[in-house]
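just need the structure, nothing else, for what follows:
(one chain, ligands or ions: 1)
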Amino acid sequence: MNDIKVAVLGSEGVGKSALIVRFLTRRFIGEYASSSECIYRKRMSIDGRQLNLELYDPCSQPCEGKSTLNEQIHWADGFVVVYDISDRSSFLTAKAIVHLIRELHLGGSKSRDADSVIFLVGNKQDLCHMREVDREEGQKLASEGRCQFYELSAAEHYQEVVLMFSKIVRNASLGGKAKERRRRPSGSKSMAKLINNVFGKRRKSV
Ligand SMILES: Nc1nc2c(ncn2[C@@H]2O[C@H](COP(=O)(O)OP(=O)(O)OP(=O)(O)O)[C@@H](O)[C@H]2O)c(=O)[nH]1
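From the prediction side, this is the model:
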């Protein structure tokens with residue numbers, strides 16, 4: 001069975017955990033533990049093929065055994081690079097991450113396969129009244145970095161979130177990359193722990 005590894009990257013508070021939790025549990029909770037990096041696992045069927053998906057959610061704060069961005073990039077087969085449309089600095093971070101992925105993971109490859117494994121996601125579209133990053137800027141960065149572009153809201157767009165993750169998993173699996181597995185980020189969480197994480201934190205309205 002295929003193992004597909006997807007890293008969800010971006011600066012603090014952009015909604016990485018919210019997107020992952022929404023995809024895995026259908027729920028948008030509002031507040032998520034972020035004191036440790038973790039890998040969530042899910043069995044999926046894509047185009048009739050069984051896949052073991054590993055989703056990596058980094059820890060923004062300093063934590064024990066924290067992996068570096070370079071290690072995270074080397075570990076993954078596919079990338080969801082997230083920014084918050086109401087936070088320009090998160091967009092600049094996303095830009096730097098996209099460039100680093102192209103350099104480290106894809107070695108400057110110009111193939112179409114390479115283009116399909118980086119997804120740039122402008123999250124919190126429901127906060128468009130506070131928008132600091134125009135949709136066009138996101139599209140421009142995606143085209144420069146040869147990424148697929150999405151603008152969505154983990155809070156409000158369940159279907160779009162599922163479609164986005166399903167597509168990155170499909171693309172990463174079709175990439176057929178039989179690369180040598182390097183050190184993977186430490187930490188692993190079962191679904192039970194994920195749910196504890198989600199409910200262990202105070203709910204915050206958005
Ligand atoms: N309005 C709105 N808030 C969101 C959305 N997605 C996430 N949030 C909120 O943004 C805050 C940060 O979300 P997280 O999922 O913890 O962000 P993160 O990127 O995992 O943060 P770190 O783990 O600290 O890096 C939380 O208060 C979420 O409720 C969204 O689509 N809309």
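
which pLDDT value belongs to residue 200?
Looking at residue 200, its pLDDT is 42.

let me fix that, I meant to ask about residue 71.
What the model reports as pLDDT for residue 71 is 87.

my guess is it is in a helix, correct?
Yes - counting by DSSP: H, G, I helix; E, B strand; the rest coil, one finds residue 71 located in a helix.

ok, how many other residues are close to it?
Using other C-beta atoms under 10 Å, residue 71 has 16 neighbouring residues. Quick note: C-beta positions are derived from backbone N, CA and C, even for glycine.

shaky segments in this protein?
1, 34, 62-66, 106-115, 176-206 (pLDDT under 70).

which parts of it sit against the ligand?
10, 12-18, 30-32, 34, 60, 123-124, 126-127, 153-155, 204, 206 (C-beta under 6 Å from any ligand atom).

buried subset of these?
Buried positions within the residues of the chain next to the ligand, assessed by neighbour count (16 or more other C-beta atoms under 10 Å), are 10, 14-18, 31-32, 34, 60, 123-124, 126-127, 153-155.

stretch 12-29: end-to-end distance?
From its first residue to its last, stretch 12-29 covers 17 Å (C-alpha to C-alpha, to the nearest Å).

please enumerate the helices of the protein.
For the chain, the helices defined by DSSP state H cover 16-25, 69-75, 88-104, 112-115, 135-144, 158-174, 191-199.

deepest-packed of those, please.
Using mean count of other C-beta atoms under 10 Å, the stretch among these with the largest mean neighbour count is helix 16-25, at a mean of 23.

centre of the chain versus that one, how much separation?
Taking C-alpha atoms, centre = their mean, to the nearest Å, one finds helix 16-25 lying 9 Å from the centre of the chain it belongs to.

elements contacting that helix?
In terms of contacts (3 or more C-beta pairs under 8 Å, 6 or more residues apart in numbering; DSSP states H and E), helix 16-25 is packed against strand 2-9, strand 38-46, strand 49-57, strand 78-84, strand 118-123, helix 158-174, helix 191-199.

ok, which of those comes nearest residue 132?
Of all the helices and strands packed on helix 16-25, it is strand 78-84 that lies closest to residue 132, at 8.5 Å by C-beta to C-beta.
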